[in-house]
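Chemist: need a structure here:
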Amino acid sequence: EDKQQRLPTPSFQSFDIFTSYTQVHSYSHSFTIQYSIIMSAPLASPGGGGFNAFLRPVDGIQSKSASGGFITILAYTTAIILFLSQIYLYIQVDIRHSLNLAPSFPLSEVIPTEGGVSQKILQAQGGRNKAKPKGEAAAAGGGGKGDTKRTMYEALKFIERNRIDVFIHVTFPYVKCADLDFAHNGAFYSTGAFSKNHGYAKFSKRHPTEYDWGVAMKMPMKDVRKMSKRKNAKDPRSSNACTVRGTLAVPRISGDISISMSKDAFTKIVQLLQMGMTMEQTDTQTGGHDLSHYIHDITFGTMFPLANNPLSNTMIIMDNEFKIGLNHMATKLVPTRYKRFARQEKETFQISVSNHIVTMDTLARNVPFSLPGLKIQYDFTPLAVQHIESRENFFVFLSSLIGIVGGVFVTVGLVSGFVVNSAQALKKLD
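Modeler: Presented below is the predicted three-dimensional model:
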């Protein structure tokens, strides 16, 4: 009690902890309260009005000057510029190219040979063969209905991985559809061999649309843009025109796709010319023979987006005497693995094309003679390109960004301090 009486009376009555101060009867409690008072005394207001957690800075403690303001503006400007430049450098991607050997594919499984598993599956997919697969396919599936479906699905997925889709869109503005034929590796549609190998492929001949006709006839683009891509062309001249459009799945080996004048139509034209008829008289008999054509688009698989497609928006004019010829286009396909930042890798293709026109005299002398029109001979290069786009690691970018911004203020502070202290020292010497 004597020690408790000697304690100083607390001067901060606003704290709740001191309301029970008079009820303390032990030395340990008195010591705790006294220690709390001493530690919390700087937090109290000078006038004894209680604790103030929102003290305002006192004006006049830190001096302000024009040079200090200029240095502050300079520091903030430099920090902002470096901040934006660092973000710009992070947005930019690092591009790397490399050459690798292209993957190999087993020819015995991707070529639809007569009686083979691939051909049966393709025919079943197109609706030509609804029966259960026999031979190797039935042996692999086990014979049950569920096993057969599973075998069909796995085989189709395998064939899909080893084949690519070729999209073709070509318009012949002066030849009727009845006089045109198309083929893949010599299997013509007119003989039924094309459908036998590829099933009911989405590949057809039809009357050109207004848009296709306008582009093929080189109409002004402001008028072509207003034309419909679905409605048939109404121009009377379009009755002797034909558009070939569709998608064809081909194996990853060299081959050729042709859109040509049919054998019967070409033989008839040759016979009429040999009889001494003029080209105008031949057109009256046949309805048209000018094989000039417009290539809207020909793509192999997914095209590499950073390269132009030479088989797109191209007009081929047969400028010889007979307006008949074969546009032979030798195409090299370069497999390209395209990997963008934070996206899945894609398999794309780049195309290199060289073409020449084979005249009618040359075609007629060939035995067996070739048919005029368009022939695309394609081949895959043994080398593949790998295109990778990457960026700097985000945490590396963040640490460098913080280091740059913080370093600016430190550097500016050191330089400004050196300049100010040097100026003050020179004034004292004066």
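
Chemist: Could you give the number of residues near the nearest residue to A364 once chain neighbours are set aside?
Modeler: Once flanking residues are discounted, A364 sits nearest to V270: 6.4 Å by Cβ to Cβ, 6 or more residues apart in numbering. Where C-beta positions appear, they are placed from N, C-alpha and C, glycine not excepted. Look at V270: counted by other Cβ atoms under 10 Å, it has 17 neighbours.

Chemist: What of the one 5 residues further on?
Modeler: Using other Cβ under 10 Å, M275 is surrounded by 9 other residues.

Chemist: and the residue nearest to A364, backbone torsions?
Modeler: Per-residue torsions, V270: phi -60, psi -40 (degrees, to the nearest 10).

Chemist: For stretch 334-350, output the C-alpha coordinates as CSV.
Modeler: Provided in CSV are the C-alpha atoms of stretch 334-350 (Å, rounded to 0.1, in the frame of the first residue of the first chain):
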residue,chain,number,x,y,z
VAL,A,334,6.4,-26.3,-95.7
PRO,A,335,5.1,-27.7,-92.3
THR,A,336,5.3,-24.9,-89.7
ARG,A,337,4.8,-25.4,-86.0
TYR,A,338,3.3,-22.1,-84.8
LYS,A,339,3.5,-21.4,-81.0
ARG,A,340,2.2,-18.1,-79.6
PHE,A,341,2.7,-16.8,-76.1
ALA,A,342,0.3,-18.5,-73.6
ARG,A,343,-1.5,-20.3,-76.4
GLN,A,344,-1.5,-23.9,-77.7
GLU,A,345,0.8,-24.9,-80.5
LYS,A,346,-0.7,-25.2,-84.0
GLU,A,347,0.3,-27.1,-87.0
THR,A,348,0.3,-24.8,-90.1
PHE,A,349,1.7,-24.7,-93.6
GLN,A,350,3.5,-22.2,-95.7
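
Chemist: what does that stretch rub up against?
Modeler: Stretch 334-350 is contacted from outside by 93, 102-103, 164, 300-305, 307, 333, 351-352, 380-381, 383-391, using Cβ atoms under 8 Å, 6 or more residues apart in numbering.

Chemist: These, buried ones only, as a PyMOL selection?
Modeler: The buried subset of the contacts of stretch 334-350, as determined by 16 or more other Cβ atoms under 10 Å, is captured in PyMOL by this line:
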select buried, resi 102+164+300+301+303+304+333+351+380+384+385+387+388+389
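
Chemist: Narrow the contacts of stretch 334-350 to those in strands?
Modeler: When strands are assigned by DSSP state E, the members of the contacts of stretch 334-350 inside them are 164, 300, 333, 351-352, 380, 383-390.

Chemist: Mind putting those into a markdown table with distance to K339?
Modeler: Formatted as a markdown table, these follow (distance: Cβ to Cβ, whole Å):
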| residue | distance to K339 |
| --- | --- |
| I164 | 19 |
| F300 | 20 |
| L333 | 19 |
| I351 | 20 |
| S352 | 22 |
| F380 | 20 |
| L383 | 17 |
| A384 | 13 |
| V385 | 11 |
| Q386 | 8 |
| H387 | 7 |
| I388 | 5 |
| E389 | 7 |
| S390 | 8 |
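
Chemist: Which of these scores worst on pLDDT?
Modeler: Within the set of the ones in strands among the contacts of stretch 334-350, pLDDT is lowest for S390 (84).

Chemist: for the residue nearest to that one when sequence neighbours are not counted, what are its contacts?
Modeler: If the residues on either side of it in the chain are set aside, S390 comes closest to D94, at 5.1 Å by Cβ to Cβ, 6+ apart. Applying Cβ under 8 Å, 6+ apart, one finds that D94 lies in contact with 389-392.
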